[in-house]
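Enquirer: Below are the sequence and a predicted model for it; my questions follow.
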Amino acid sequence: QVQLVESGGGLVQAGGSLRLSCAASGNIYRINTMGWYRQAPGNQRELVASITSGGSTNYAGSVKGRFTISRDNAKNTVYLQMNSLKPEDTAVYYCNAEVRPSWAQYVLDYWGKGTLVTVSS
């Protein structure tokens, strides 16, 4: 099995910063794209940022210039540095990874359980 475990959420004032981490573990052969999604109450889950195994990144327009995604391939870990946080960034943040498990010839989509980020005004 493959597991994704997020950490780093919490409560922060507007203008503050937080760093989220997500570590993948288990029977992993290769990880392709890793990403962060978020879901606020009453809203659909949306992509925040993603990063390929080669380091190419993609950001939602609402976070561009404030958030930075990075990864450590040796540790199977992806990070999300969030600066200049706004109340509208409040959401549950989910880690996602496209993983080829060691027991499969195909890629599967895995999700973490989520970590809550609350930004107070």
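Expert: Perfect, thanks for sending it.
Enquirer: Output the below-cut-off pLDDT ranges for this protein.
Expert: For the chain, no stretch has pLDDT under 70.
Enquirer: was I right about T90 contacting V119?
Expert: Yes - using Cβ atoms under 8 Å, T90 makes contact with V119 at a distance of 5.0 Å. For every residue, glycine as well, the C-beta is placed using N, CA and C.
Enquirer: Can you tell me which residue is spatially central in the protein?
Expert: Residue closest to the mean C-alpha point of the chain, counted by Cα atoms, centre = their mean, is W36 at 2.6 Å.
Enquirer: Which helix or which strand is home to that residue?
Expert: strand 28-39 (DSSP states H and E).
Enquirer: Just the buried positions in that strand, please.
Expert: For strand 28-39, burial by neighbour count (16 or more other Cβ atoms under 10 Å) applies to 28, 31, 33-38.
Enquirer: and what of stretch 44-62?
Expert: Using 16+ other Cβ under 10 Å as the test for burial, stretch 44-62 gives 48-51, 59.
Enquirer: Also stretch 97-111?
Expert: Within stretch 97-111, the residues that count as buried by 16+ other Cβ under 10 Å are 97-101, 107, 110.
Enquirer: would you list those residues in CSV and tack on distance to N73?
Expert: Shown next, in CSV, are the buried residues of stretch 97-111 (distance: Cβ to Cβ, whole Å):
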residue, distance to N73
A97, 12
E98, 13
V99, 13
R100, 14
P101, 17
V107, 16
Y110, 16
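Enquirer: Nearest to S7 among these?
Expert: Minimum distance to S7 across the buried residues of stretch 97-111 is 15.1 Å, recorded for A97 (Cβ to Cβ).
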